[in-house]
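Asker: Need coordinates for the following:
(4 chains)
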2 protein chains.
Amino acid sequence: MDDRPVTEQNRTLGALLRLTYEAMQREVYGALAARGFPEIRPAHSAVFRHIGPGGSRLTTLAERAGMTKQSMAYLVEGLQAAGHLRSVPDPSDGRARIVRLTARGEAVLAALLALSGEAEARVAERIGERRAGRLRRALEHWVAELDEAG
Amino acid sequence: MDDRPVTEQNRTLGALLRLTYEAMQREVYGALAARGFPEIRPAHSAVFRHIGPGGSRLTTLAERAGMTKQSMAYLVEGLQAAGHLRSVPDPSDGRARIVRLTARGEAVLAALLALSGEAEARVAERIGERRAGRLRRALEHWVAELDEAG
DNA sequence: ACCTTTCGTCAGTTTATCTGACGATATATA
DNA sequence: TATATATCGTCAGATAAACTGACGAAAGGT
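Answerer: Residues are numbered from 1 along each chain as shown, chains lettered A, B, ... in the order given. Here you go, the predicted structure:
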């Protein structure tokens, strides 16, 4: 049957970013599961990426992650039930609660950062240090431009 | 309040890929909506990327996109309702149907490719042709390695 | 002719987002 | 100070985008 997709080799930059991003994600979250944290899913990174060392308010997390507080509450609820977060009343505001990482949550954050570093090192092995360095620098430049533009 | 996120500047390669991928996606699908196709969402690209010029079977699309046929059927159903696809019985197999792009669907595919090219050109303007070229080549290398590894 | 596989669908579930409404509390103003 | 307004987190419900399991109809192999 002559049924080749039109855009198979015709790879857009978006497609390249998607494929590599997904590969990275599979690697990191697969390894995290193997290390004893199978309950941590990619969506949870919104919490780990934005939580402060002394904890943060739900509203702050939601704002930083660019999502609604209801959505963030859903993620926090799951992590809390699994023992990665605890939430304590905010002494300075009776409406608010401070969400903090537990020891287990800190371990997940540390593992995520370590595994991401390892995954990047493996990429460098595969495509070469030079290219990997250029890749990272180009992406950093791009992201800096995005930050400027808002 | 001293509540800076731990990993704000500490950007992993995965985070860089995610930020740029999402920026690309916002740009392309935003422009696509502005061109008269607001109903096309990123998930639909699984169909446009993998459909053949003469149409494809649902099962083929699902396999290529790496998802279940039920999930692919859900995407196809939406595109069909919006007039981007039509499905005709497969003359060579009574169980199967061939999903084909309509003229409107072809227009979407063309627009997606054109807008992706334009978005990439704008990235090159922002970070420089040299860096953009290196970025694309590094990603292409990486993806080639992924294809080899399976 | 029968067994097995494949195609697409039906039914139901989960994850990850969203909107709208609301009580409780905090802050600003008249 | 009394009141109006804004903010914090939650309740309820919707939607998108995936999943699993089961199944009838059709095809293919023995």
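
Asker: so where is chain A shaky, pLDDT-wise?
Answerer: Across chain A, the ranges flagged by pLDDT under 70 are A:1-2, A:6-10.

Asker: how near is the residue nearest the centre of it to A:Ile127?
Answerer: Averaging the C-alpha coordinates of chain A gives a centre point, and the residue nearest to it by C-alpha atoms, centre = their mean is A:Ser45 (3.7 Å). According to C-beta to C-beta, to the nearest Å, A:Ser45 and A:Ile127 sit 24 Å apart. (Glycine included, C-beta is placed from N, CA and C.)

Asker: What of A:His44?
Answerer: Counting by C-beta to C-beta, the gap from A:His44 to A:Ile127 is 29 Å.

Asker: just so I have it, where are all the helices in chain A?
Answerer: For chain A, the helices defined by DSSP state H occupy A:13-34, A:45-50, A:58-65, A:69-81, A:103-127, A:129-149.

Asker: For DNA strand D, find the nearest of those.
Answerer: Nearest to DNA strand D among the helices of chain A is helix A:58-65; the distance by C-beta to the nearest atom of the strand comes to 3.1 Å.

Asker: buried sites along that closest one?
Answerer: The neighbour-count check on helix A:58-65 (16 or more other C-beta atoms under 10 Å in any protein chain shown) flags A:Leu58, A:Thr60, A:Leu61, A:Ala62, A:Arg64, A:Ala65 as buried.

Asker: Quick check, A:Ser56 in contact with A:Val99.
Answerer: Yes: using C-beta atoms under 8 Å, A:Ser56 is in contact with A:Val99, at 6.0 Å.

Asker: For A:Thr12, list the residues it contacts.
Answerer: Applying C-beta atoms under 8 Å, 6 or more residues apart in numbering or on different chains to A:Thr12 gives the contacts B:Leu113, B:Ser116, B:Gly117, B:Glu120.

Asker: let's go with 7 Å and repeat that
Answerer: Residues counted as contacts of A:Thr12 (C-beta atoms under 7 Å, 6 or more residues apart in numbering or on different chains) are B:Ser116.

Asker: what's the distance between it and DNA strand D?
Answerer: Distance, A:Thr12 to DNA strand D, using C-beta to the nearest atom of the strand, to the nearest Å: 18 Å.

Asker: follow-up on the earlier one: kindly reformat the helices of chain A as TSV containing distance to B:Phe37.
Answerer: Compiled in TSV, the helices of chain A are given as follows (distance: least, C-beta to C-beta, whole Å):
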stretch	distance to B:Phe37
helix A:13-34	16
helix A:45-50	29
helix A:58-65	28
helix A:69-81	26
helix A:103-127	35
helix A:129-149	24
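
Asker: Single out the most deeply packed of these.
Answerer: Of all these, helix A:45-50 has the most neighbours on average by mean count of other C-beta atoms under 10 Å in any protein chain shown, namely a mean of 23.

Asker: Mind exporting the C-alpha coordinates of that helix to PDB?
Answerer: This file holds the C-alpha atoms of helix A:45-50, laid out as PDB (Å, rounded to 0.1, in the frame of the first residue of the first chain):
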ATOM      1  CA  SER A  45       7.000  19.300  37.900                       C
ATOM      2  CA  ALA A  46       4.900  22.500  37.900                       C
ATOM      3  CA  VAL A  47       4.900  22.200  41.700                       C
ATOM      4  CA  PHE A  48       8.600  21.100  42.100                       C
ATOM      5  CA  ARG A  49       9.800  23.800  39.800                       C
ATOM      6  CA  HIS A  50       8.000  26.700  41.500                       C
END
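
Asker: wait, does that helix make contact with DNA strand D?
Answerer: No: Helix A:45-50 lies apart from DNA strand D when judged by C-beta under 7 Å from any atom of the strand; the minimum separation is 12.9 Å.

Asker: how far does that helix sit from the chain's center?
Answerer: Put simply, helix A:45-50 sits 6 Å off its chain's centre (C-alpha atoms, centre = their mean, to the nearest Å).

Asker: and if you look at stretch A:41-55?
Answerer: 8 Å.
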